[in-house]
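*Asks:* sharing a model that was predicted from the sequence below.
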Amino acid sequence: MTLEKILVGYDGSEKAKKALSLALKMAKAWGSKITVLAVSHPPEFDQDTQFDLERRKIVSELKWAMEKAAEEKVEVEIKTTMGDPADNIIRLAREGKFDLVVLGRRGLSRIGYWLTGSVSERVLRHSPCSILIVE
């Protein structure tokens with residue numbers, strides 16, 4: 001199995017940072033190409049301020065990702081989009097013909113889990129390629 005293309009789902013959380021760090025090490029060792037995907041929820045009519053804050057936070061976190069990639073001397077492509085994170089990761093993995101998706105596991109409360117499930121679980125169940133979930 002070759003890992004030419006690695007997709008990293010990234011939200012700036014500590015677990016996402018750990019996932020990206022591991023993906024960068026893998027890419028450096030195997031000569032893989034990395035795409036980092038950050039997905040934000042679209043704004044609702046009364047949440048423009050919240051959306052702007054979220055957008056600024058993700059831009060800041062993506063700067064961290066680029067700095068980390070530069071440290072590891074790995075070239076990365078950054079993609080951002082809006083919508084459901086799991087749906088967008090699965091879609092890009094399929095359309096981009098990625099070999100591996102790397103995600104950080106995010107801890108949800110039991111209620112949150114039962115209401116929405118986790119992004120990592122949904123990607124695991126529906127991804128067209130291998131998945132690595134980093135704890």
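*Replies:* Structure received. Numbers count the residues shown, from 1 in each chain.
*Asks:* Val102 against Ala19, yeah?
*Replies:* Yes: between Val102 and Ala19 there is a contact under CB atoms under 8 Å: 4.9 Å. Every residue, glycine included, has its C-beta placed from N, CA and C.
*Asks:* joint contacts of these two?
*Replies:* 8-9, 132, 134 (CB atoms under 8 Å, 6 or more residues apart in numbering).
*Asks:* any quick PyMOL command for the buried ones out of the residues you listed?
*Replies:* Here is the PyMOL command that selects the buried residues among the shared contacts of Val102 and Ala19 (16 or more other CB atoms under 10 Å):
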select buried, resi 8+9+134
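*Asks:* what's the closest of the shared contacts of Val102 and Ala19 to Thr2?
*Replies:* Leu132 (15.0 Å; CB to CB).
*Asks:* pLDDT score assigned to the closest one?
*Replies:* pLDDT recorded at Leu132 is 94.
*Asks:* which helices and strands does the helix or strand encompassing it pack with?
*Replies:* Assigned by DSSP states H and E, Leu132 belongs to strand 130-134. If contacts are counted by 3 or more CB pairs under 8 Å, 6 or more residues apart in numbering; DSSP states H and E, strand 130-134 sits against helix 14-30, strand 100-104, helix 119-126.
*Asks:* can you list contacts of that strand?
*Replies:* Under CB under 8 Å, 6+ apart, the answer for strand 130-134 is 1, 15, 18-19, 22-23, 99-105, 120, 123-124.
*Asks:* in its sheet, what does it sit against?
*Replies:* Next to strand 130-134 in the sheet, as set by DSSP bridges, lie strand 100-104 (parallel).
*Asks:* angle of the strand holding Leu132 against helix 14-30?
*Replies:* Strand 130-134 runs at 130 degrees relative to helix 14-30, counting by axes from the mean of the first three to the mean of the last three CA atoms, to 10 degrees.
*Asks:* got the angle between strand 130-134 and helix 119-126?
*Replies:* On the basis of the same axes, to 10 degrees, strand 130-134 is oriented at 160 degrees to helix 119-126.
*Asks:* adding distance to Asp52, write the shared contacts of Val102 and Ala19 out as JSON lines.
*Replies:* Shown next, in JSON lines, are those (distance: CB to CB, whole Å):
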{"residue": "Val8", "distance to Asp52": "25"}
{"residue": "Gly9", "distance to Asp52": "22"}
{"residue": "Leu132", "distance to Asp52": "33"}
{"residue": "Val134", "distance to Asp52": "30"}
